[in-house]
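1. Sequence and computational prediction follow.
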Amino acid sequence: MQFKLQATDPKSSARAGEISTDHGNIPTPIFMPVGTIGSVKGIHISDVKNDINADIILGNTYHLYLRPGLEVLENAGGLHKFNSWDRPILTDSGGYQVYSLADRRKLKEEGVVFQSHIDGSRHNFTPENVMDIQRSIGADIVMAFDECTPYPCDYDYAKNSMGITHRWLDRCITRFNETQPKYGYQQSLFPIVQGSTYKDLRKQSSEYIASKNADGNAIGGLSVGEPHEMMYEMTELVCNILPKDKPRYLMGVGTPANILEGIALGVDMFDCVMPTRNGRNGMLFTKNGIINIRNEKWKNDFTSIDSEGDSFVDSQYSKAYLRHLFIAKEMLGSMIASQHNLAFYLWLVREARNHIIDGDFASWKNVMVERVARRL
């Protein structure tokens, strides 16, 4: 994997670049649709590729390990062939599930023993077998196994957790380097910065991760309940330490405004379930603000979902029609809303990239942050 920096914004830390992988190039900044179990929920893979035109999607190690399982994925020739996606894929390592499944796991130095959320069966994740699992899945970018700290957490917990994450990273690197890709193309390993919301820990972790000279680096443990300003403060601190010639990935973020602020701080890659999850519940993100499509006010509104959205895949549908689908509990409503939101997120990061290249990102961002956050 290679990363080429192409432009920087003169009044912020925003950058435009390009990541090159064996499955294609990824212009940055980029938003990555979440395809947890090998599918972007409610949307055909062909639509994700051809209509939304996503450059990269995510899969999740924990979920794919449980279903369909490694045997099926290996027999298929890896996730790309299994789900018919021929562009880059990134897999999360399962570290977030260590955090989110706290009531059904035991964390030790060796790794994590957890119970499946599906049938209660017991499984063990270690840095070594998580690397092996991600070799079997076959993503272009694989994440190191880490512990995602909750918010709030006390200093000692955050410090001990960071230490585990660093020691696990060393074991991930060793295992990754002593194994080979299974499907004839290269894979890259990204370490993850932790440290909760403590500046000294974030600094230590950033310096440790930067010293590994990985192909790219991720920022984890944010967007877990802390105030947005605190998230931005930690992100800025970390981005100022991580190498400028490698892509930076802010995990699990976020709202359109969060993404714009993250780009301004120097982040290149984002993912979040919000576009599809909120879309399934009738929340639409647009260039002019946020719409709750279930509201009565849209009942006789026959304008397109985004009044400036004729470049979006859903411009043929009116707000009134989409509201009707939701009120009638027709599954097509959730599909259209999810597809709209993903198209909007991809439009947003691509527009940000254009403004970075043009040199006026900061002023455009300040206007857009207010617009996309207001309720309509």
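-> Yep, it's here. Numbers count the residues shown, from 1 in each chain.
2. which one is the residue most central in space within the chain nearest to, not counting chain neighbours?
-> Residue closest to the average C-alpha location in the chain (Cα atoms, centre = their mean): Asp271, at 1.9 Å. Among residues not flanking Asp271 along the chain, Met32 sits closest, at 4.3 Å (Cβ to Cβ, 6 or more residues apart in numbering). Every C-beta, even on glycine, is put in place using the N, C-alpha and C of the backbone.
3. for Glu351, what are its contacts?
-> Trp364 (Cβ atoms under 8 Å, 6 or more residues apart in numbering).
4. separation between it and Ile357?
-> The gap separating Glu351 from Ile357 is 11 Å, by Cβ to Cβ, to the nearest Å.
5. Next: Gly220.
-> Counting by Cβ to Cβ, the gap from Gly220 to Ile357 is 29 Å.
6. Those two - which one has more neighbours?
-> Neighbour totals were compared for Gly220 and Ile357, and Gly220 leads with 28 against 14 (other Cβ atoms under 10 Å).
7. Please report how far that one lies from Ala102.
-> The value you get for Gly220 to Ala102, if Cβ to Cβ is used, is 16 Å.
8. cool, and Gln186?
-> The value you get for Gln186 to Ala102, if Cβ to Cβ is used, is 35 Å.
9. do the same with Ser318
-> Distance, Ser318 to Ala102, by Cβ to Cβ: 44 Å.
10. likewise Leu342?
-> 30 Å.
11. where in the stretch 251-376 of the chain is pLDDT low?
-> 307-315 (pLDDT under 70).
12. just so I have it, where are all the strands in it?
-> Along the stretch 251-376 of the chain, counting by DSSP state E, counting those that start in this stretch, strands occupy 269-271, 283-286, 289-292.
13. mind listing what the second one pairs with, with the direction of each?
-> By that I understand strand 283-286. Each strand paired with strand 283-286, and its direction, by DSSP bridges: strand 289-292 (antiparallel).
14. send the alpha carbons of the partner strand over as CSV?
-> Provided in CSV are the C-alpha atoms of strand 289-292 (Å, rounded to 0.1, in the frame of the first residue of the first chain):
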residue,chain,number,x,y,z
GLY,A,289,-29.6,20.0,7.4
ILE,A,290,-31.2,17.0,9.0
ILE,A,291,-34.7,15.7,8.2
ASN,A,292,-36.9,13.4,10.2
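15. Give me the buried positions along that strand.
-> Ile290, Ile291, Asn292 (16 or more other Cβ atoms under 10 Å).
16. how close does the first one sit to Gly17?
-> Taking Cβ to Cβ as the measure, Ile290 and Gly17 are separated by 29 Å.
17. what's near enough to touch the residue lying closest to Arg375 once chain neighbours are set aside?
-> Closest residue to Arg375 apart from its sequence neighbours, by Cβ to Cβ, 6+ apart: Ile290 at 5.3 Å. For Ile290, the contact set (Cβ under 8 Å, 6+ apart) comprises Met283, Leu284, Val372, Ala373, Arg374, Arg375, Leu376.
18. same deal with Ser84?
-> Ile45, Ser46.
19. burial measure for the closest residue to Tyr208 other than its chain neighbours, as a count.
-> Sequence neighbours aside, His166 is the residue nearest to Tyr208 in space, at 5.4 Å (criterion: Cβ to Cβ, 6+ apart). By the criterion of other Cβ under 10 Å, His166 has 20 neighbours.
20. what are the phi and psi angles of His166?
-> phi -70, psi -40 (degrees, to the nearest 10).
21. before we move on, what about the one 4 residues further on?
-> The phi and psi torsions at Asp170 (degrees, to the nearest 10) take the values phi -60, psi -40.
22. With that, I have no additional questions.
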